[in-house]
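Chemist: Please find the sequence and the predicted model below.
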Amino acid sequence: TPPDMLMNITLNVEGCMPMPAEIQVHHEEILELKESRDHLLYEIYRAESINSLQGSGQANNDTKIIKKVLEEKDKVLEENAKVIEAKDKVLEDNAKVLEENVKVIEEKDREIEKLKQKLLAFSQE
């Protein structure tokens, strides 16, 4: 962080309870730089996408770079969404195959039960 001078004091006003206070001393040029940089970073942090930053009125090089980075981030997010959609499709297909396999197994179980009944009937004769 830029150099600042912070002084803690106790403010004594006649008839009032003493109050703690802080005096901040900043170099004007450093303060302007710090506030503009921090505000820009705050805007970027809050931005949902590059589109929400457009029209913010800041067209300096840092903003252009940051917008480019956010555009790249948006592209990556879109690609990730496509990958997730593809994986969802694979999962749905796998679920259908599993359902079919369950039906086949249930049919085999029924056939086994019928054979057991026939074997039991045969052994009792």
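Modeler: Yes, it's here.

Chemist: so where's the chain shaky on pLDDT?
Modeler: 1-2, 35-42, 50-63 (pLDDT under 70).

Chemist: which stretches of it form helices?
Modeler: Along the chain, counting by DSSP state H, helices occupy 28-46, 50-53, 61-124.

Chemist: Comparing the ones you listed, which comes out most buried?
Modeler: Highest mean neighbour count among those (mean count of other C-beta atoms under 10 Å): helix 50-53, with a mean of 15. Backbone N, C-alpha and C define where each C-beta goes, glycine included.

Chemist: For the helices of the chain, give me CSV that also has distance to Leu6.
Modeler: What follows is these, written out as CSV (distance: least, C-beta to C-beta, whole Å):
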stretch, distance to Leu6
helix 28-46, 13
helix 50-53, 32
helix 61-124, 27
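
Chemist: for those helices, which one sits closest to Pro18?
Modeler: helix 28-46 (28.7 Å; C-beta to C-beta).

Chemist: Tell me how many other residues crowd the closest residue to Ile9 other than its chain neighbours.
Modeler: Using C-beta to C-beta, 6 or more residues apart in numbering and skipping the chain neighbours, the partner closest in space to Ile9 is Ala21 (5.3 Å). Ala21: 10 surrounding residues under other C-beta atoms under 10 Å.

Chemist: what's the distance between Val102 and Arg110?
Modeler: To Arg110, Val102 is 13 Å away according to C-beta to C-beta, to the nearest Å.

Chemist: Could you tell me how many residues sit around the nearest residue to Asp4 once chain neighbours are set aside?
Modeler: The shortest distance from Asp4 to any non-neighbouring residue, by C-beta to C-beta, 6+ apart, is to His26 (5.5 Å). His26 has 15 neighbouring residues, counting by other C-beta under 10 Å.
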